[in-house]
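quick one, fold the following:
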Amino acid sequence: MTEDEDLQYRRQVGERIRQIRRQKRLSLQDVEARSDSEFKASVLGAYERGERAISVPRLQRMARFYDVPVDQLLPVDEVDPGVDGAAAPQKVVMDLASLRDAEGSEAEMITRYLTIIQVKRQDFNGRVLTIRRDDLQALAAILGTGAVGARVARHLLAVGGRSSFGAVDRVVLRDTDPERLLGARAVLESAADRVEVQHAPFPGDLDVDLVVVASPRGTQAPALEAALEAGRPVVLCGDGLAETVAIVRMAGEAAAARLPVVLGAGFAPGLSCVLAAHAGSWFDEVEEIHVAKAGAGGPACAVVHHRALSRLSYDWRGDQWVRRPGGSGRELCWFPEPVGPHDCFRAALPDPVLLHHAFPGVERITARMAATRRDRLTAPLPMLSPPPVEGGVGAVRVEVRGRRGDAQDVRVLGAAARPAVAAAAVAATAAEWVMADRVRVHGMASLAEMVEPVAFLEDVADRGVVAEVFEGEHAVV
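Numbering: from 1, shown residues only. Alright, predicted model coming up:
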């Protein structure tokens, strides 16, 4: 056996060991604890990645630990049931051609499930797809279990959804706040056997297929760095300007690793960027993009918004960034009902940064947020009262101006929903697109660059967040 063949076989053995461990619903740390450290997490991870060869006696002990025949830890060849009377493994064969003609939400969810399997196998050639017993769905880590993170987990596990097919088989929840973890676990009680809770200090390995970062400000950049070191794709839900700028500086690392890193996968930024991309497709040339937002999600989001009014805002004008005081530049913006009209002001929002990267030729990009006189006066001070666990109905409004033929035109799109609900729907949909390899960029980018807008908005609508197009005095869903 050549060196290359030896490495390939080690990787096949490692992949099989990982499959068996996941079938047993065990993390690397679970194996270390339950084996009394006979199989340390770091060593087991090296076996599974094919970085270390495992001896035959150790493989036998591992088979006893997992309670499986030792041959089940070795690579499995496809078995022809007509040869030597061999028994066929349990399989289900899906007719992909017929499925394409099927309609309804169940057909859509099954299609997404099969796409994830095809991506994992890199098998896109057949008219049928064989679902094997050892086919596993992905594992996702949710970092931060506040108002957004817990809902992302619900979406990915399809808890309480219309279909039994979730985008992942299990989720790992991480948070530094025990109360938030308990609350998230309670929300996911019906899927408790598919949820693993990890308290701080966290294990070093991120033994998952995808990381969703929904943690508070100041924690997202380190979380991204750890995920990139582990070689995992990432979906980030942050809405702070300073942290977004810090994360953008890590774009080179994501590009070098060819890992999808989705920035601002929330309500705004996030849905706002997709709406801008959708509206922009109606123009021959986009000249201006103006984003406005109203409302906040959970406590962490409320704190970011409170401080944003006292920080400098950044607007793109012509060929440079223009800094203006937060809380200035009042403008009356009409949001989708039931939110309606609100005075909006400049604030330290990340939307212009992400939109300028997606639309470098646009001359003017601005962002504002709804605020009251009291909000503006108290912005430089600590919050006078604790923020609510979750805010009420909020909204985003995206106005795009440009040229169609020889005429100037304007398009206004928006959506109204509780911000945490909408952000979770967007983040979960982005995560599903990453796992199904539907994203356009294998590197760092905003949703405006990552996804096809119409298809993405349709998927978000399936999760209850519907975009609207303003036509005169009316909004058309």
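
and M369, how many neighbours?
Neighbours of M369 under the rule other C-beta atoms under 10 Å: 28. Glycine gets a C-beta too; all of them are placed from N, C-alpha and C.

show me what contacts it?
Neighbour list for M369: A292, K293, A294, H305, A308, L309, C344, F345, A347, L349 [criterion: C-beta atoms under 8 Å, 6 or more residues apart in numbering].

can you rerun that using 10 Å?
Going by C-beta atoms under 10 Å, 6 or more residues apart in numbering, M369 touches 268, 291-296, 305, 308-309, 313, 326-327, 333, 342, 344-349, 351, 375, 394.

for it, phi and psi?
phi -130, psi 150 (degrees, to the nearest 10).

ok, R25 next?
With angles defined as degrees, to the nearest 10, R25 sits at phi 60, psi 50.

now swap in I247 and tell me
In terms of degrees, to the nearest 10, the main-chain angles of I247 are phi -70, psi -40.

distance of it from L241?
As judged by C-beta to C-beta, to the nearest Å, I247 and L241 stand 11 Å apart.

overlap in contacts, those two.
Common neighbours of I247 and L241 (criterion: C-beta under 10 Å, 6+ apart): P350.

ok, back up a step: out of the contacts of M369, list just those in strands.
In this view, the contacts of M369 that belong to strands under DSSP state E are V291, A292, K293, A294, S313, C333, H342, C344, F345, R346, G394.

most neighbours of all those residues, which one?
Most surrounded of the ones in strands among the contacts of M369: other C-beta under 10 Å gives K293, at 30 neighbours.

Y9 - how many residues pack around it?
Counted by other C-beta under 10 Å, the residues lying close to Y9 total 15.

okay, and it sits in which element?
helix 3-23 (DSSP states H and E).

and if you look at A255?
helix 251-257.

name the strands paired with the helix or strand following that helix and say parallel or antiparallel.
Using DSSP H and E, the helix or strand that follows helix 251-257 in sequence is strand 261-263. If you go by DSSP bridges, strand 261-263 pairs up with strand 234-236 (parallel), strand 444-446 (parallel).

surely A371 touches L349?
No - in this structure, A371 is not within contact of L349 by C-beta atoms under 10 Å, at 11.8 Å.

shared neighbours of those two, anything?
H305, A308, G326.

for the first one, give its distance to G149.
In other words, H305. According to C-beta to C-beta, H305 stands 18 Å off from G149.

higher neighbour count, those two?
More crowded of H305 and G149, by other C-beta under 10 Å: G149, with 30 against 26.

which strand or helix spans A46?
Element membership of A46, judged by DSSP H and E, is helix 41-48.

got a pLDDT number for S215?
pLDDT, S215: 91.

contacting residues for it?
142-146, 148-149, 174-177, 222-223, 236-238, 300.

and stretch 17-35, how far out from the chain middle?
Distance of stretch 17-35 from its chain centroid, counting by C-alpha atoms, centre = their mean, to the nearest Å, is 25 Å.

average model confidence for that stretch?
Mean predicted confidence for stretch 17-35 is 85.

just give me the closest of the ones in strands among the contacts of M369 to R411.
Of all the ones in strands among the contacts of M369, R411 sits closest to V291, with 13.2 Å by C-beta to C-beta.

so that closest one is in contact with A276, correct?
Yes - with contacts counted by C-beta under 10 Å, V291 reaches A276, the gap being 7.1 Å.

need the residues touching each of the two.
Counting by C-beta under 10 Å, 6+ apart, the common neighbours of V291 and A276 are P269, D351, L354, L355, I365, V398, E399, V400.

now the strands for the stretch 51-200 of the chain?
All strands of the stretch 51-200 of the chain, identified by DSSP state E, counting those that start in this stretch, fall at 91-95, 128-132, 138-143, 168-175, 195-199.

any chance of CSV for these, columns mean pLDDT?
Output for these, formatted as CSV (pLDDT from 0 to 100):
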stretch, mean pLDDT
strand 91-95, 69
strand 128-132, 69
strand 138-143, 84
strand 168-175, 88
strand 195-199, 87
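
this completes my enquiry, with thanks.
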